[in-house]
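Peer 1: Provided below for reference: sequence and predicted model.
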Amino acid sequence: MPISVTQILGTDSLSGSRLVINDNFNILASEINAIENYFNPVAGTITNLNDVRTESLRVGLSTVLLDINGATFDILAPVNISNSNLRINNGGLIRNDIDPVVLNDVNIISPFGVGTAGAPPPYTIERVGNASLTAITLELFEGLIGQEIFFMYSQATTGDVNIIGESGNPLILSGGSTLTLNGQGQTAHLLCIDDGTGNGDWYLVGGVGYTIS
């Protein structure tokens, strides 16, 4: 709320206005102290506010991690939700986490690692294909527990694309250890599940047209 101080006119005596000057400084000091209950200029922090209303909010300086404005709500960093649920009301969940590179006989060297020993697979959706007569192999590395990945044969070709687990950590498949796609429209949906020791195993939970060997 606005504060007010007493104006000292040019015709006023400075010595006679000493009490007014001191009162004005006391008013300003009191208001600054009240503000510093919430703003700490030394630490650069804001705390204990009951309500914040603004047109936009950006978190991050050189690297923006969160950007909220009148048009978008962009989260540009990993989100962890612990001991709670994510609920979406009156809307939908849209996934657009697709590898821009199609994993095929032209774009990769087989065997090709999906993920690495130090990092889980980075995309939810992998498009695959193979126009050659020689099968190509995709080696799926350990994921994060709860992570999903979809392999989708997106090209009008018929070459085999074999999906296996990383060395020493095979896929959990009923009837074999190799998952094969070889026709447009075929899919495989895998989910990473805790093996009971805190490590993740990939389980096949759905798909169309795949074979297991």
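Peer 2: That came through fine. Numbers count the residues shown, from 1 in each chain.
Peer 1: what's the offset of the lowest-mean-pLDDT helix or strand in the chain from the middle of its chain?
Peer 2: Ranking every helix and strand in the chain by mean pLDDT, DSSP states H and E puts helix 18-35 at the bottom, with a mean of 85. Centroid separation between helix 18-35 and its chain, computed with CA atoms, centre = their mean, to the nearest Å, is 48 Å.
Peer 1: and if you look at stretch 95-108?
Peer 2: The answer for stretch 95-108 is 20 Å, by CA atoms, centre = their mean.
Peer 1: list the buried ones in that stretch?
Peer 2: Of the residues in stretch 95-108, Val102, Leu103, Asn104, Asp105, Ile108 count as buried by neighbour count, 16 or more other CB atoms under 10 Å. C-beta: built from backbone N, CA, C; applies to glycine.
Peer 1: List just the nearest of those residues to Gly159.
Peer 2: Comparing the buried residues of stretch 95-108 against Gly159 with CB to CB places Asp105 closest, at 6.6 Å.
Peer 1: For Leu204, which residues are in contact?
Peer 2: Residues in contact with Leu204 (CB atoms under 8 Å, 6 or more residues apart in numbering) are Leu171, Ile172, Leu173, Ser174, Leu179, Ala188, His189, Leu190, Tyr210, Ile212.
Peer 1: now, among these, which is nearest to Pro121?
Peer 2: Pro121 has its nearest neighbour among those in Leu190, at 9.6 Å by CB to CB.
Peer 1: coming back round to it: what's the PyMOL line that selects buried ones from the contacts of Leu204?
Peer 2: Written as a PyMOL command, the selection of buried residues from the contacts of Leu204, which uses 16+ other CB under 10 Å, is:
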select buried, resi 171+173+179+188+189+190+210
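Peer 1: any chance of the contacts of Leu204 in JSON lines, with secondary structure too?
Peer 2: Output for those, formatted as JSON lines (DSSP: H, G, I helix; E, B strand; the rest coil):
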{"residue": "Leu171", "secondary structure": "coil"}
{"residue": "Ile172", "secondary structure": "strand"}
{"residue": "Leu173", "secondary structure": "strand"}
{"residue": "Ser174", "secondary structure": "coil"}
{"residue": "Leu179", "secondary structure": "strand"}
{"residue": "Ala188", "secondary structure": "strand"}
{"residue": "His189", "secondary structure": "strand"}
{"residue": "Leu190", "secondary structure": "strand"}
{"residue": "Tyr210", "secondary structure": "coil"}
{"residue": "Ile212", "secondary structure": "strand"}
